[in-house]
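# structure, please.
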Amino acid sequence: MSLGRVPEVSAQTVVDLNKARMTWTWTQGTGGPVTAFRVKCGATSGSEAILVSIPDPLARSVAVNTVVGTGKSYCRVHAANAYGESGASNEIFLDAGLVPAVPGSLLVQP
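Numbers count the residues shown, from 1 in each chain. Model (predicted):
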């Protein structure tokens, strides 16, 4: 009987924010093969919960509004398969703020 293995944390796992997308790099190591990535975020550092599961082992990005909507969050990415998930990537801070509202009392003069 062959036992499956959880994916390992890749030394090259990086999470970065670029143009409203979270992107990451990941390299298959000696752990089990990846079948999905799980993006976890929380309101405080270290308080992540699964927000998005991406069932594509080739995925390397996700739109920020898909993950956190608006507001401030701390996020990490985990590689996953049927046997579990890897440790976390580095943690990043996202501030997906709101677009400013239209001014209510704006006076434009020549």
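# which positions within the top strand by length along the chain qualify as buried?
Longest strand in the chain, counting residues (DSSP state E): strand 71-81. Neighbour-count burial for strand 71-81 flags S73, Y74, C75, R76, V77, H78, A79, A80, N81 (criterion: 16 or more other Cβ atoms under 10 Å). Glycine gets a C-beta too; all of them are placed from N, C-alpha and C.
# which residues does the fourth one bridge with?
It refers to R76. With DSSP bridges applied, R76 shows beta-bridge pairing to K40.
# surely it touches G87?
No: taking contacts as Cβ atoms under 8 Å, R76 lies outside contact range of G87: 9.2 Å.
# can you name the next helix or strand after the longest strand of the chain?
strand 84-85 (DSSP states H and E).
# parallel or antiparallel, which strands does that following strand pair with?
Strand pairing for strand 84-85, determined by DSSP bridges: strand 71-81 (antiparallel).
# just how off-centre is the partner strand within its chain?
4 Å (Cα atoms, centre = their mean, to the nearest Å).
# averaged pLDDT, that strand. What do you get?
Average pLDDT, strand 71-81: 86.
# which residues does the spatially most central residue of the chain contact?
Among the residues of the chain, V39 comes closest to the average C-alpha position under Cα atoms, centre = their mean, at 3.9 Å. For V39, the contact set (Cβ atoms under 8 Å, 6 or more residues apart in numbering) comprises M22, I50, L51, V52, S53, I54, V62, V67, C75, R76, V77.
# and for I92, the neighbour number?
Residues lying near I92 (other Cβ atoms under 10 Å) number 17.
# that one against C75, yeah?
Yes: with contact defined as Cβ under 8 Å, I92 counts as touching C75 (5.6 Å).
# which secondary element of the protein has the worst mean pLDDT?
Across the helices and strands of the chain, the lowest-confidence element by mean pLDDT, DSSP states H and E is strand 14-18, at a mean of 63.
# if we can go back for a sec, any idea which of the contacts of V39 has the most stuff around it?
Per-residue neighbour counts (other Cβ under 10 Å) across the contacts of V39 peak at V77, which has 30 neighbours.
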